[in-house]
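Colleague: here's a sequence, model it:
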Amino acid sequence: MTFLQILPMRIVSRSIIGKLNGITKYPRYPLPVIDDLLTNIPHTNVMSTLDLRSGYFQLAISPKDIEKTAFITRNGTFAFLRMPFGLSGAAPNFQRAIDIILQPVIGRFVSVYMDDVIITSPSFKDHLDHLTQVFTLLRDAGLTLNKEKCHFARDKLKYLGLIISKEGIETDNKKIRAITEMKPPKK
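Modeller: Numbering: from 1, shown residues only. Okay, here's the model as predicted:
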């Protein structure tokens, strides 16, 4: 375990990330429009969702920019080698990276929003091939998955808070129930 793994993130956020965000030129790269993304998910028989482990931390910071993330504590001087959560450019840079990595399969049988990937296939045999292609692309890029949040070869699953199946897309009833059963605020 490194010092950065045990240092509370709020301390780092106050010490460097806020200041760095104030002088950072925000990268121009659009996040997918969720409605467009959902429209492009075909209604197929077999689906899997993948979740990238600690998404931002899997992306290396450019060597020329590492010193910009440096901060000093009483235990020494440290800098991030990986993109920390909270940097203003983290989301667009991550989306651009994952779009580049999965470019060969996006739109064919993969849709991706940040670290959430859905793979859709007409048959189980095709699905195994599609999973192999995606795993190869992720492995070649050095990315790892959070296996606890991945769901494989399902006919119905949750993606971006919605239920996806071959019948279509529907709202998660648990979320609706949480709103309808919400108690009014006390005065």
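Colleague: the residue nearest to Leu52 when sequence neighbours are not counted: how many residues sit nearby?
Modeller: Distances taken as CB to CB, 6 or more residues apart in numbering put Asp115 closest to Leu52, at 3.9 Å, once the chain neighbours are dropped. Just so you know, the C-beta spots here come from the backbone N, C-alpha and C atoms, and that holds for glycine as well. Neighbours of Asp115 under the rule other CB atoms under 10 Å: 20.
Colleague: go on, the one 3 residues further on?
Modeller: Residues contacting Ile118 under the criterion other CB under 10 Å number 22.
Colleague: ok so, going back, the residue nearest to Leu52 contacts Phe94, correct?
Modeller: Yes - when contacts are counted by CB atoms under 8 Å, Asp115 is listed as touching Phe94 (7.3 Å).
Colleague: backbone dihedrals for the residue lying closest to Gly161 once chain neighbours are set aside, please?
Modeller: Nearest-residue entry for Gly161: Asp172, 6.2 Å, with adjacent residues in sequence omitted and distances by CB to CB, 6+ apart. Here is the backbone geometry of Asp172 (degrees, to the nearest 10): phi -70, psi 120.
Colleague: tell me the contacts of Asp172?
Modeller: Lys158, Gly161, Leu162, Ile163 (CB atoms under 8 Å, 6 or more residues apart in numbering).
Colleague: which among those residues count as buried?
Modeller: Among those, those classed as buried by 16 or more other CB atoms under 10 Å are Leu162, Ile163.
Colleague: would you reformat the contacts of Asp172 as CSV and include distance to Ile17, pLDDT and secondary structure?
Modeller: Listed next are the contacts of Asp172 as CSV, based on distance: CB to CB, whole Å; pLDDT from 0 to 100; DSSP: H, G, I helix; E, B strand; the rest coil:
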residue, distance to Ile17, pLDDT, secondary structure
Lys158, 31, 92, strand
Gly161, 27, 88, coil
Leu162, 32, 90, strand
Ile163, 36, 92, strand
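Colleague: which secondary structure elements does the longest helix seen in the chain sit against?
Modeller: In the chain, assigned by DSSP state H, the helix with the most residues is helix 124-140. Counting contacts by 3 or more CB pairs under 8 Å, 6 or more residues apart in numbering; DSSP states H and E, helix 124-140 is packed against strand 46-51, strand 116-121, strand 151-154.
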